[in-house]
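K.L.:
Got a predicted model here, sequence first, then my questions.
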Amino acid sequence: MWRQLQRSRSAQLGLGILTVFALCGLLAPVLAPYDPYASDLEKSLRPPSREHWLGTDELGRDILSRILYGARLSMVIGAIAVGIGVVLGVPIGLLSGYFGGWADLLAQRAMDVLLAFPSTVLAILMVVILGVGLQNVMIAVGVVSVPTYARLVRAQVLSLKEQTFVEAARALGAGTARILFRHLLPNTGAVLIVQTTLQVASAILSAAALGFLGLGVQQPTAEWGAMLSSARQYIQLAPHTLVFPGLAILFTVLGFNLFGDGLRDALDPRLRL
Amino acid sequence: MWRYILKRLLLAVPVLFGVSVVVFVAIRRIPGDPAQIMAGQAATQEVVEEIRRSLGLDQPLPVQYLYFLRNLLRGDLGRSLFNGAPVVEELAQRFPRTVRLAFASLLVATFIGVPAGIAAATHRLSWVDTLVMVLALAGVSVPVFWLGLNLILVFSVRLGWLPAFGYETGRHLILPSVTLGVASAAVIARMTRSSMLEVLGQDYVRTARAKGLPERSVVYRHALRNALIPVVTILGLQLGTLLSGAVLTETVFAWPGIGRLLVEAVLARDYPVVQGTILLIATTFVVLNVAVDILYAFLDPRIRYT
């Protein structure tokens, strides 16, 4: 599998982009030329220059610095939102798939109800209940991803549990917990990793969407979606405030999707050419 | 076949119930007292109590849910806290506009996505394939609201060719539907390509080629028909996604549909409207999914016997 991955140019490209993203986020305090919150109204809406490589926003804050700190924020959001999805969704899928019967039926209906809401709408609904702000955005986006994980893991478990190695384990006296954790879960690992990569991409987009609508991370925090929201009014005067945060979102999400796709192709036995 | 349809319809009922419960509970879990909100800050305790009684808020929660359900089935979704208009009226007025946008976007998405996917599949591993795949990936990764704003920047502000806001004429529909259609086109292109590739690898295609049929005939008369089956279901599902992705697009283009209504209502804390809009969107989504499943059964005979 690793050799396949090495051969996939898209996965490599994706990984490259992700590395840049991770470095930006982790090293933001070091790399950022200015304080992302330092506003200087005299310098507002300046186009890119040697002093401010990406220009300044409506409050005179350096856009490059805000984008770097935004990368940091997006990393956190992506990680925690997906973490919530995995921690809640995987056990539901495992138990639902393995035990079947009423538990399965109930869990599946519950997942269906969650999936009845388009993801943006569900995220908005959660924000309505919980309120706005970083923490609630992470919870909202995390909950939205739960059904995806539950279904994925369940499908895997359903196809795996009839296989011989499970029967063998049972014959050797393995208890349910052991079968679940030592045999079934590791075998769903590959699919889970692919899904997680793609899910992070989705989480970043959702968080940005909420930020754009004013329902997510609030000002003055440097979040890419919120930056685009304020940039709307200055689209004629200062288009650079619009272009750069959006490009940041685009490239980051692209990186995750590229890598996830490459990973998926590498793991798919049918595509072995 | 009919058993399948019946089964599918029956499965939808508990989901719809679940949706109504979730929305009901969610709206009532919001911090704050709706009676107080309606009465305003300066109202006396008696007035607040009066309102609470009239809204049925003094009843236990399950009883409130039954009232809610009864009203729902009667077509009463309450009144807007903002302007007092019946929620159903507002929804009825705005929903068709969103539907218009969604259909236009689906058309755009189909006319770009399907040919692109076919081209990529039939020219596999060539530059056409690579180009389509790269564009499709970009299409799925781009934030839809950013794309919309950029299109406004280029076509409205800089070039002045197309209007940015409003919904009166057909020209007003162009930018929003392209914006919304792009992400869908990307998904459709990828799906069409992989479906075509799978079909083209099948034995009956090999047979057709062995018979000496021209490649064109093989592709369009034999392969395409079967390759399109999953694509049709994706189209149906995309319609559902479009109805919701419209939330962002409508906000960007000030398109007066239900997506924008939802955002406005949330920001204004107009909870009856929020409740009604989410119910409508979720119900539409469920109905569409059921319709797509049934359509799939018609198109792919293999499904009917599971």
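P.N.:
Sure thing, it's come through.
K.L.:
chain center to the strand or helix carrying residue A:251: distance?
P.N.:
If you go by DSSP states H and E, residue A:251 is part of helix A:240-267. Distance of helix A:240-267 from its chain centroid, counting by CA atoms, centre = their mean, to the nearest Å, is 11 Å.
K.L.:
Next, the buried residues of that helix.
P.N.:
If you call a residue buried by 16 or more other CB atoms under 10 Å in any protein chain shown, then helix A:240-267 has these buried ones: A:240-246, A:248-250, A:252-266. The C-beta positions use only the backbone N, C-alpha and C, and glycine is treated the same way.
K.L.:
And for stretch A:108-122?
P.N.:
A:108, A:110-122.
K.L.:
if we take those residues, which one ends up nearest to residue A:56?
P.N.:
Closest approach to residue A:56 among the buried residues of stretch A:108-122 (CB to CB): residue A:120, at 30.6 Å.
K.L.:
and the buried residues of helix A:240-267 near chain B, which?
P.N.:
A:242-243, A:246, A:249-250, A:253-254, A:257-258, A:261 (CB under 8 Å from any CB of the partner chain).
K.L.:
all helices of the stretch 51-200 of chain A, in order?
P.N.:
Ranges of helices in the stretch 51-200 of chain A, per DSSP state H, counting those that start in this stretch, are A:63-99, A:101-115, A:119-130, A:134-160, A:164-171, A:176-178, A:185-213.
K.L.:
pLDDT score for residue B:271?
P.N.:
Note on residue B:271: pLDDT of 84.
K.L.:
my guess is residue B:166 meets residue B:173, correct?
P.N.:
No: in this structure residue B:166 lies outside contact range of residue B:173 using CB atoms under 8 Å: 10.1 Å.
K.L.:
Could you measure from residue B:76 over to chain A?
P.N.:
With the distance defined as CB to the nearest CB, to the nearest Å, residue B:76 ends up 21 Å from chain A.
K.L.:
Over to residue B:173?
P.N.:
Applying CB to the nearest CB to residue B:173 and chain A gives a distance of 20 Å.
K.L.:
what's the burial count for the nearest residue to residue B:151 once chain neighbours are set aside?
P.N.:
Closest residue to residue B:151 apart from its sequence neighbours, by CB to CB, 6 or more residues apart in numbering or on different chains: residue B:175 at 5.2 Å. Other residues near residue B:175 come to 24 when the count uses other CB atoms under 10 Å in any protein chain shown.
K.L.:
Name the helix or strand for residue B:175, please.
P.N.:
Going by DSSP H and E, residue B:175 is part of helix B:171-200.
K.L.:
Could you tell me the angle between that helix and helix A:240-267?
P.N.:
Interaxial angle, helix B:171-200 versus helix A:240-267 (axes from the mean of the first three to the mean of the last three CA atoms, to 10 degrees): 10 degrees.
K.L.:
residues of helix B:171-200 that come out buried?
P.N.:
Of the residues in helix B:171-200, those buried (16+ other CB under 10 Å) are B:172-197, B:199-200.
K.L.:
hang on, residue A:222 in a helix?
P.N.:
No: under DSSP: H, G, I helix; E, B strand; the rest coil, residue A:222 sits outside any helix and is assigned coil.
K.L.:
residues contacting it?
P.N.:
A:36-37, A:65-67, A:69-70, A:73 (CB atoms under 8 Å, 6 or more residues apart in numbering or on different chains).
K.L.:
Weed out the non-buried ones from those.
P.N.:
Buried among the contacts of residue A:222 by 16+ other CB under 10 Å: A:36, A:65-67, A:69-70, A:73.
K.L.:
Of all residues in chain A, which one is nearest the centre?
P.N.:
residue A:200 (1.7 Å; CA atoms, centre = their mean).
K.L.:
Pull the distance from the helix holding residue B:175 to the chain's centre.
P.N.:
The answer for helix B:171-200 is 14 Å, by CA atoms, centre = their mean.
K.L.:
quick one, that helix and helix A:185-213 angle?
P.N.:
Going by the same axes, to 10 degrees, helix B:171-200 makes 170 degrees with helix A:185-213.
K.L.:
on that earlier part again, now tabulate the ones next to chain B among the buried residues of helix A:240-267 in TSV and tack on distance to residue A:20 and pLDDT.
P.N.:
Formatted as TSV, those follow (distance: CB to CB, whole Å; pLDDT from 0 to 100):
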residue	distance to residue A:20	pLDDT
A:242	22	91
A:243	18	92
A:246	17	94
A:249	14	94
A:250	13	94
A:253	13	94
A:254	11	93
A:257	15	92
A:258	13	90
A:261	18	86
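K.L.:
Can you tell me which of those lies closest to residue A:169?
P.N.:
The shortest approach to residue A:169 among those belongs to residue A:261, at 33.5 Å (CB to CB).
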